[in-house]
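Q: Here you go, sequence then predicted model.
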Amino acid sequence: NTRYNSLTVDGVKQNDDFGLNNSGYVTNRSPVSLDAVEQVSVLTAPWDVQYSGFQGGVINVVTKSGTNDFHGSGFYYRGKDSFAGDKSRDTNINLSYDEKTYGATLGGPILQDKLFFFLSYDNFERTAPVAVGPAGSGFPVQISRVTQADYDRVREISQRVYGFDPLVLQSSVPEQSEKILANIDWNINDFQRARFSYQRTEDFDTT
């Protein structure tokens with residue numbers, strides 16, 4: 001189970017302590033962009049006293065830093081229903097979805113051999129398909145215990161009695177995840193190094 005493990009990014013825990021997400025992270029998706037990752041180490045049941053708060057293993061992620069040369073990257077991924085099939089054997093499937101992921105990184109020197117910066121931006125946007133619905137609704141997976149007529153009746157009562165419209169059943173719902181990371185690394189001397197890091201992840205999800 002992912003909740004038995006611990007995830008750290010640059011030494012800072014990123015665990016879901018309140019049990020809100022299936023991933024075990026504090027965010028719906030990965031808390032840091034893959035393009036910002038420099039190293040990953042996995043320790044299975046370590047006994048070192050610096051690790052605590054988990055029963056399985058610990059995943060340590062170290063993010064990139066700038067160098068004496070400017071370097072960067074960019075990416076864009078796209079997926080939508082028109083790229084996929086619309087039939088499974090004899091069953092017609094009409095799932096509406098659209099997703100895109102884009103981002104960029106940039107790193108380089110502020111002072112040669114002394115002070116460096118690294119920036120990362122990652123944005124994920126998706127209109128996710130809803131596969132489950134009541135019987136007679138046309139959804140790929142239909143629940144026989146509840147019919148579309150039942151839902152329509154509940155909606156009518158909700159509008160008439162309480163003045164609240166729960167809206168029609170949607171075939172797709174929106175989701176978004178935006179990640180920002182900024183690092184400043186300072187080589188103080190040959191034996192000491194300081195890092196100032198800013199990490200921000202904002203998620204939006206509809207259930």
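A: Sure thing, it's come through. Numbers count the residues shown, from 1 in each chain.
Q: just the helices in the chain please.
A: Counting by DSSP state H, the chain has helices at residues 148-162.
Q: center of it, which residue is that?
A: In the chain, the centroid-proximal residue (Cα atoms, centre = their mean) is R29; its distance is 1.7 Å.
Q: who's in contact with it?
A: Contacts for R29 (Cβ atoms under 8 Å, 6 or more residues apart in numbering) come out as 23, 124, 177, 203. For every residue, glycine as well, the C-beta is placed using N, CA and C.
Q: right, and S33 touches L119 too?
A: No. In this structure S33 lies outside contact range of L119 using Cβ atoms under 8 Å: 10.7 Å.
Q: any shared contact partners between those two?
A: The contact sets of S33 and L119 overlap at 105, 181 (Cβ under 8 Å, 6+ apart).
Q: Between these two, which has more neighbouring residues?
A: Using other Cβ atoms under 10 Å, the more surrounded residue of S33 and L119 is S33, with 22 against 19.
Q: Pop out the phi and psi values for the more buried one.
A: Torsion angles at S33 (phi, psi; degrees, to the nearest 10) stand at phi -70, psi 140.
Q: Next up, the contacts around it.
A: 103, 105, 120-122, 179, 181.
Q: Give me the sheet partners of the helix or strand of the chain with the lowest mean pLDDT and which way each runs.
A: Least confident element among the helices and strands of the chain, by mean pLDDT, DSSP states H and E: strand 91-92 (a mean of 72). Here strand 91-92 is paired, per DSSP bridges, with strand 87-88 (antiparallel).
Q: Find the residue ranges of the protein scoring beneath the pLDDT cut-off.
A: Within the chain, the stretches with pLDDT under 70 are 1, 94, 207.
Q: can you map out the strands along this structure?
A: 6-9, 12-13, 37-44, 57-63, 71-80, 87-88, 91-92, 98-111, 115-129, 132-135, 141-147, 172-187, 193-205 (DSSP state E).
Q: Save those as TSV, and put in distance to R153 too.
A: Below are the strands of the chain laid out as TSV (distance: least, Cβ to Cβ, whole Å):
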stretch	distance to R153
strand 6-9	46
strand 12-13	48
strand 37-44	51
strand 57-63	49
strand 71-80	34
strand 87-88	31
strand 91-92	27
strand 98-111	32
strand 115-129	26
strand 132-135	11
strand 141-147	9
strand 172-187	23
strand 193-205	29
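Q: Would you tell me which of those gets closest to D165?
A: When the strands of the chain are compared by Cβ to Cβ, strand 172-187 sits nearest D165, at 16.8 Å.
Q: Please name every helix or strand in contact with that closest one.
A: The contact analysis (3 or more Cβ pairs under 8 Å, 6 or more residues apart in numbering; DSSP states H and E) places strand 172-187 against strand 115-129, strand 193-205.
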